[in-house]
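1. Just need the structure, nothing else, for what follows:
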Amino acid sequence: MLSSEEVLELRKAQRLEMLAEVCSLYYEHGMTQAEIAEKFFISRSRVSRLLTLARDQGVISFNIRHYGERCFEFEQMFKRKFLLDEVFILNSTGHDEAQMRTLMGEMAASYINKQLKPRQTIGISWGKSMEQTITALKPAPYLNLEVVQVIGGILVQNPIINIPGLLGAMVEKFGATGIALNAPLLMDTPEACQLIKQQPAIAFALDKARKADLILTGVGGVNKDTLSYLWSGIDTDREFQPLIERGAVGFMCAQAFDIHGNPCFLEFNQRIVGLTLDELRQSKKVVSVSGGARKGAAVLGALRTGIINVLVTDLACVREIIRLEIQESGAKL
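-> Okay, the predicted model is just below:
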């Protein structure tokens, strides 16, 4: 039989463990106080008191990691100008490209973790920014999410951007049901693309993607070195020179558009196995992560498509967008 002192110590340990579990659900897994209250059959006000008590008793401590200054004035300007729900602009001054991409991924992941709700469907594209964002997401296996690829990705086994690997990482972090789009990215003809989209497994994945609660995508630039880097295995001269000649500046979900946000070279876009620009525009929420001065024209065109709801970018990209718009204004005078 336990002594009275041992009983008190056991109760104290149990209380501290409960405080730790509540803190973990709230701070690490992003559950709301109402959701925690429902889980433990207690009031929301008690959850709030438990969180305060945990901090007071040293169960949790805060180590605030600053992402670098955010450019709040530019954020508000872009939010109004492009009718965005949210904008996050990293002050990337002093950061190299790898650091910038890592920090943007963390900013995007922080936003996404707060948005996720149980049993949602999340669509993912591909790219280096996507990889960083998915890496930075906090695990939340209790959410019972569905995660679906919104574009095909087995045309080339690209060791740099492993699309099945991105899907697998999301599945593991969220204990999610993964829905792969087991099809090539680029077909030989629009007719072949339309035919493969009609196959039951592909049609099922695309239907899930169209109905997704949130789609996470990057913005690709039409730069030859970037094209050969990310679209490895594709004859970039044959495939992309016509796009450049027609004014393409960027890709979203592998769909090409010009600086005014209009689709260009439709024959190419119609060969992509994935969501179209029109389907993306009809999505519930599109979160786009892309930065760097070289992406300025691509991100400006992407914003003008009207597809993006939430943008995560950096100051160098924003400055290039402003320069391009000033250049356009001067050309019209």
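
2. Quick check: which ranges of the stretch 201-333 of the chain have low pLDDT?
-> Residues of the stretch 201-333 of the chain that meet the criterion pLDDT under 70 lie in 224-237, 330-333.

3. Show me where it has its helices.
-> For the stretch 201-333 of the chain, the helices defined by DSSP state H, counting those that start in this stretch occupy 224-230, 236-245, 266-269, 277-281, 296-304, 315-332.

4. I'd like those helices as TSV, with mean neighbour count and distance to Ser43 appended.
-> C-betas here are computed from N, CA, C, even on glycine. Below are the helices of the stretch 201-333 of the chain laid out as TSV (neighbours: other C-beta atoms under 10 Å; distance: least, C-beta to C-beta, whole Å):
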stretch	mean neighbour count	distance to Ser43
helix 224-230	16	51
helix 236-245	15	58
helix 266-269	16	53
helix 277-281	17	42
helix 296-304	25	44
helix 315-332	15	44
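
5. Number of residues surrounding Ala192?
-> For Ala192, the neighbour count with other C-beta atoms under 10 Å is 13.

6. The residue lying closest to it once chain neighbours are set aside: neighbour count?
-> Nearest residue to Ala192, sequence neighbours excluded (C-beta to C-beta, 6 or more residues apart in numbering): Arg271, at 7.7 Å. By other C-beta under 10 Å, the residues close to Arg271 number 20.

7. now Glu320, nearest residue through space, not along the chain?
-> Here the residue nearest Glu320, using C-beta to C-beta, 6+ apart, is Gly296, at 2.7 Å.

8. coming back round to it: closest to Val150 out of the helices of the stretch 201-333 of the chain?
-> For Val150, the closest of those is helix 277-281, at 8.1 Å, according to C-beta to C-beta.

9. which strands and helices sit next to that closest one?
-> Using 3 or more C-beta pairs under 8 Å, 6 or more residues apart in numbering; DSSP states H and E, the elements in contact with helix 277-281 are strand 255-258.

10. I would like the residues contacting the strand it packs on, please.
-> Residues from elsewhere that reach strand 255-258 (C-beta atoms under 8 Å, 6 or more residues apart in numbering): 222, 243, 246-251, 263-265, 268-269, 272, 274-277, 280, 301-302, 305.

11. show me the contacts for the spatially most central residue of the chain.
-> For the chain, the residue nearest the mean C-alpha position is Leu216 (3.3 Å; C-alpha atoms, centre = their mean). By C-beta under 8 Å, 6+ apart, Leu216 lies in contact with 108, 112, 122-125, 130, 133-134, 287, 289.

12. Highest neighbour count among those?
-> Gly123 (31 neighbours).

13. Distance of that one relative to Glu21?
-> Shown here: Gly123 relative to Glu21, a distance of 32 Å by C-beta to C-beta, to the nearest Å.

14. now do Val148
-> 31 Å.

15. Between those two, which has more neighbouring residues?
-> Higher neighbour count among Val148 and Glu21: Val148, with 27 against 16, using other C-beta under 10 Å.
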